[in-house]
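1. how does the following fold in three dimensions:
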Amino acid sequence: MTTENTNPLLAIRDLPAFDVIRPEHVVPGIDALLAQADQSLEKVTAADFPADWTALSKELGVATERLGEAWGAVSHLNGVADSPELREAYNAALPKVTDYWTRLGADERLFAKYKAIDPSSLTDEQKQALKNSLRAFVLGGAELQGEARTRFAQLQERQAELTQKFSENALDATDAFGLLVEESELEGLPEDVKGAARAAAEADGKSGFKLTLKMPCYLPVMQFARSSALREKMYKAYVTRASDQAEGDGTQYDNTAIMVELLALRHEEAQLLGHRHFADVSLVPKMADTPEQVAQFLRDLSTKARPYAEKDLADMRSFAAQQLNLADPQPWDWPFIGEKLKEARYAFSEQEVKPYFTAPKVLAGLFGIAEKLFGVQIKSDTAPVWHEGVSFYRIERTGTQAGELVGQFYLDPSARKGKRGGAWMDDVRGRWLRPDTGKLQTPVAHLVCNFAEGLVKNGVRQPPLLTHDDVTTLFHEFGHGLHHMLTQVDESSVSGISGVEWDAVELPSQFMENFCWEWDVLQHMTAHVETGEPLPRELFDKMVRARNFQSGLQTLRQVEFGLFDMLLHSRMVPPADGADILGLLTEVREEVAVMLPPAYNRTAHTFSHIFAGGYSAGYYSYKWAEVLSADAYAAFEEAARGGAGSTVDPDTGARFRTTILEAGGSRPAMESFKAFRGREPSIDALLQHQGMSESTSAA
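-> Model (predicted):
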């Protein structure tokens, strides 16, 4: 049996011991921390415990933070280093953790303590934190009584189980697929992708080339493989993952029943809380006021984008017929057609650019931009990690406070088996002026991507090569990280990304993406993998001309996801079934899309953002926040035109840092935005950036 001396989840240390945490540590470690947290809860809810913010934080806040940090480490490993043993341990502890947080959030004794706190005794940060806490108690069921309270707790536990199972099914369905092909079938595929496919086959002890549904393999096949038959196989496997339409034994991962039950449970939760539906509950802590307002925003955006999307589609149809002998393109043909049209129109291909974006050079360039904009220095650091490909860094201040630690982060860039797909940032811990020690705790973050690994050539492993899309993804996640790490708020529940409205949390991440399109940025963060030469200006100019290629189609795709999500959680009233979910998705597509997929398409079955990732009735946030981010970046463009000479302008960066990044969740996001821009946001900058305004379309 593990003890506090031997269990790394129980040892009090500066950073998680990722290198030694094992599945057998999970249950005993979490059990012990739950017991401590329960003791703290009972202590602070006693009649003689003062209704005092600092006292509550010192006792309960410290205990729950320790539990949260340990469970966060376990959850992180579950996402990046999945194994049958870890999954079993995680699922054994999950109901207990869910039960504790549910009880905590619904404890009427604790709710009464917080309501009794004198606001005049608090700092502005603490006042915002208290406001958020009281709202969370209401949403957590603290006002429910009797059977309703019991049922609410049951709903939370079951939803936690279902979201975890949804995520597991999506991962397992993706990992289970492997297509062994001969080289003759891979005509058109980039050499680095073919090399990775050959290595994957060799790892399985087979000859030939193994194709997978991991994005570094799947996307290039769809874009470049000349074989329509191969593209069809890959497409069908990808869009039927975790569904009843999967081939062979893939149906064992079918997420249909999970989706149906989750929607029913969410609706029941909303009803218990006195709301019409779950969409209303989801929007309570967000910037948007009502589901109807969100739907109108998305439909307005759809109306503006549709003419551009229709032209995008018409251009592809014409090109396919005239140049590719494809008179009747199928869904698996569109990525290939789009790539070929882009090459023909702009004499530019992602694969032509890729050799210039070596991961070390890109990372150095990204760090350089952050350092210049925000007055910091980023250095390599050391910490226990969960995989040899993970690196660790520290951010320090420059200037008069040079050397002062601001924050630290892990970077896990590469795709691998057992790692959840996609890219994300999450926190290890937040900034907090600790009430137990009086010392300042600095923030730590995870930055996770799924890029292809570097190939071994002549016995030497080359640096990983990134597509330009990979580069923007890295900048995006780093923007989230900056939001978390550069905060100057000392109250943990509103520092960094904590307490930020969900539909504003993408502002810094999407904002950072814009720098990937600046010449004075890219020329310093590119080096050809073989020659070391920077990206040629001529090639960059082609990239810029192609920047808004098919932006109409891309916008409608995001609108489709966002509208489906919002309607799903506002209109899908139980009893519903899988056919109802598919029917709604078809209805949304018929309203906003210009390209309709085949009947077997089951995209919803791996829509982890809304079924397992915290974006339920919130996926619209990406487009909502894009309005904020485009308008914010326009300030840097204005500075460049006004004499700064570059969008990497330290003066504007300092204002963005102090008004947006440092403020975190300590005040409403709209206040932070207006503090930076001096006004409310406008959609005009977004439309212009995406080539969908009158001025840009006429150019």
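
2. low pLDDT regions in this protein?
-> 1-5, 694-699 (pLDDT under 70).

3. next, give phi and psi for the spatially most central residue of the chain.
-> Among the residues of the chain, the one closest to the centroid is residue 424, at 3.9 Å (Cα atoms, centre = their mean). Phi and psi for residue 424, reported as degrees, to the nearest 10, are phi -160, psi 160.

4. same deal with residue 411?
-> phi -120, psi 120.

5. correct me, but it touches residue 387?
-> No: in this structure, residue 411 is not within contact of residue 387 by Cβ atoms under 8 Å, at 11.1 Å. In short, each C-beta sits where N, CA and C put it, glycine included.

6. which of those two has more neighbours?
-> Higher neighbour count among residue 411 and residue 387: residue 411, with 21 against 14, using other Cβ atoms under 10 Å.

7. need the contact list for the more buried one.
-> Taking Cβ atoms under 8 Å, 6 or more residues apart in numbering, we find residue 411 in contact with 363, 390, 391, 392, 393, 447.

8. next one: residue 617
-> So residue 617 contacts 278, 279, 281, 282, 283, 291, 565, 566, 568, 569, 570, 610 (Cβ under 8 Å, 6+ apart).

9. output those as CSV; include the columns distance to residue 64, secondary structure and neighbour count.
-> Converted to CSV, the contacts of residue 617 look like this (distance: Cβ to Cβ, whole Å; DSSP: H, G, I helix; E, B strand; the rest coil; neighbours: other Cβ atoms under 10 Å):
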residue, distance to residue 64, secondary structure, neighbour count
278, 26, helix, 25
279, 29, helix, 28
281, 23, helix, 22
282, 23, helix, 27
283, 26, helix, 25
291, 32, helix, 22
565, 30, helix, 27
566, 32, helix, 27
568, 32, helix, 28
569, 28, helix, 25
570, 32, helix, 23
610, 27, helix, 24
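
10. residues contacting the residue nearest to the centre of the chain?
-> 446, 448, 477.

11. quick revisit: nearest to residue 415 among the contacts of residue 411?
-> residue 390 (13.3 Å; Cβ to Cβ).

12. neighbours of the closest one, how many?
-> 20.

13. 29 is where my numbering starts, stick with that
-> Let's use 29 as the start, then, which means that last one is residue 418.

14. and the contacts of residue 439, which of them are in strands?
-> Secondary structure assignment by DSSP state E places 419, 420, 421, 475 of the contacts of residue 439 in strands.

15. can you put those residues in CSV and add distance to residue 91 and neighbour count?
-> As requested, the ones in strands among the contacts of residue 439 are exported to CSV (distance: Cβ to Cβ, whole Å; neighbours: other Cβ atoms under 10 Å):
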residue, distance to residue 91, neighbour count
419, 32, 17
420, 27, 16
421, 30, 19
475, 28, 23
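
16. got the domain boundaries for the protein?
-> Domains of the chain are assigned by automatic domain parsing as 51-197, 205-281, 284-376+579-647.

17. just tell me which of those ends up closest to residue 529.
-> domain 284-376+579-647 (4.7 Å).

18. and that closest one, how far out from the chain's middle?
-> Between the centre of domain 284-376+579-647 and the centre of its chain there are 17 Å (Cα atoms, centre = their mean, to the nearest Å).

19. returning to that earlier point: show me the one of the domains of the chain that comes nearest residue 463.
-> domain 51-197 (4.0 Å).

20. quick revisit: of the ones in strands among the contacts of residue 439, closest to residue 98?
-> residue 420 (19.1 Å).

21. the closest one touches residue 406, doesn't it?
-> No: with contact defined as Cβ under 8 Å, residue 420 does not count as touching residue 406 (11.3 Å).

22. excluding chain neighbours, what is closest to residue 134?
-> Spatial nearest neighbour of residue 134, excluding adjacent residues (Cβ to Cβ, 6 or more residues apart in numbering): residue 169 at 4.1 Å.

23. quick check, that neighbour in a helix?
-> No: Residue 169 sits outside any helix when classified using DSSP: H, G, I helix; E, B strand; the rest coil, being coil.

24. list the contacts for it?
-> Going by Cβ under 8 Å, 6+ apart, the list of residues near residue 169 reads 130, 133, 134, 176, 177, 180, 181, 300, 301.

25. I'd like to know how many residues surround the third one.
-> When you say that, I think you mean residue 134. With other Cβ under 10 Å as criterion, residue 134 counts 21.

26. wait, it sits on residue 168?
-> Yes: look at residue 134 against residue 168 with Cβ under 8 Å: they come within range, at 5.0 Å.

27. circling back: out of the contacts of residue 452, who's nearest residue 372?
-> Of all the contacts of residue 452, residue 505 has the smallest distance to residue 372: 32.5 Å, by Cβ to Cβ.

28. how near is that closest one to residue 424?
-> 21 Å (Cβ to Cβ, to the nearest Å).

29. looking at these two, which is more packed in?
-> More crowded of residue 505 and residue 424, by other Cβ under 10 Å: residue 505, with 23 against 18.

30. the more buried one: which element?
-> helix 496-513 (DSSP states H and E).

31. quick one: buried residues of that helix?
-> The neighbour-count check on helix 496-513 (16 or more other Cβ atoms under 10 Å) flags 496, 498-513 as buried.

32. next one: stretch 559-570
-> Buried-residue list, stretch 559-570, by 16+ other Cβ under 10 Å: 562, 563, 567, 568, 570.

33. likewise stretch 107-124?
-> 107, 108, 109, 110, 114, 115, 117, 118, 119, 121, 122.

34. contacts for that stretch, please.
-> With Cβ under 8 Å, 6+ apart as the criterion, stretch 107-124 contacts 51-52, 54-55, 58-59, 62, 99, 102-103, 105-106, 185, 188-189, 192, 196, 199, 414-415, 440, 446-448, 476.

35. export stretch 599-608 as CSV, just CAs?
-> Output of stretch 599-608 as CSV, limited to C-alpha atoms (Å, rounded to 0.1, in the frame of the first residue of the first chain):
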residue,chain,number,x,y,z
ARG,A,599,-34.2,22.3,-28.9
MET,A,600,-33.3,18.7,-28.3
VAL,A,601,-35.9,17.8,-25.6
PRO,A,602,-36.0,14.2,-24.4
PRO,A,603,-37.0,11.7,-25.4
ALA,A,604,-34.6,12.0,-28.3
ASP,A,605,-32.5,9.4,-30.1
GLY,A,606,-29.6,9.2,-32.5
ALA,A,607,-31.9,9.8,-35.5
ASP,A,608,-33.0,13.1,-33.9
